[in-house]
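got a structure for you, letters missing:
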């Protein structure tokens, strides 16, 4: 098991989190959130990786062969679909905020609190 995927995932998480905290633009915040989400792909793939493992199609490999975990692959695909949905929803909300308030700066959206 290699440490590299987890190190890269931690680096992506920190970079994305810094982008979320320091951004003054809703679109940059949404992009930073997708960077944080992509770090979860690396964590899941790092957990499910088997050195020398074959694909999870069991019709043409011998029973003693190592195979990667298909559940992890399904979780990554599900994670990708959820990320695309959340990103689309957040971008639609950013477009509506720009139409209503004329700005994508979160500080200009203070009228929502009243």
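In hand now; what should we look at? These numbers were taken from a predicted model, which means no experiment stands behind them.

Tell me which helix or strand residue 10 sits in.
Using DSSP states H and E, residue 10 falls within helix 4-22.

which other helices and strands contact that helix?
Packing partners of helix 4-22 (3 or more CB pairs under 8 Å, 6 or more residues apart in numbering; DSSP states H and E): helix 26-48. C-beta coordinates here come from the backbone N, C-alpha and C atoms, glycine included.

Return the list of helices and strands in contact with the helix it packs on.
Using 3+ CB pairs under 8 Å, 6+ apart, helix 26-48 sits against helix 4-22, helix 70-101.

and of those helices, who's closest to residue 39?
helix 4-22 (3.9 Å; CB to CB).

Now do the closest one and helix 26-48, the angle between them.
Using axes from the mean of the first three to the mean of the last three CA atoms, to 10 degrees, one finds that helix 4-22 and helix 26-48 are set 160 degrees apart in direction.

Name the residues of helix 4-22 that are buried.
Judged by neighbour count using 16 or more other CB atoms under 10 Å, the buried positions of helix 4-22 are 5, 9, 12, 13, 16, 19, 20.

looking at it, the last one is touching residue 36, isn't it?
It refers to residue 20. Yes. Judged on CB atoms under 8 Å, residue 20 makes contact with residue 36 at a distance of 7.0 Å.
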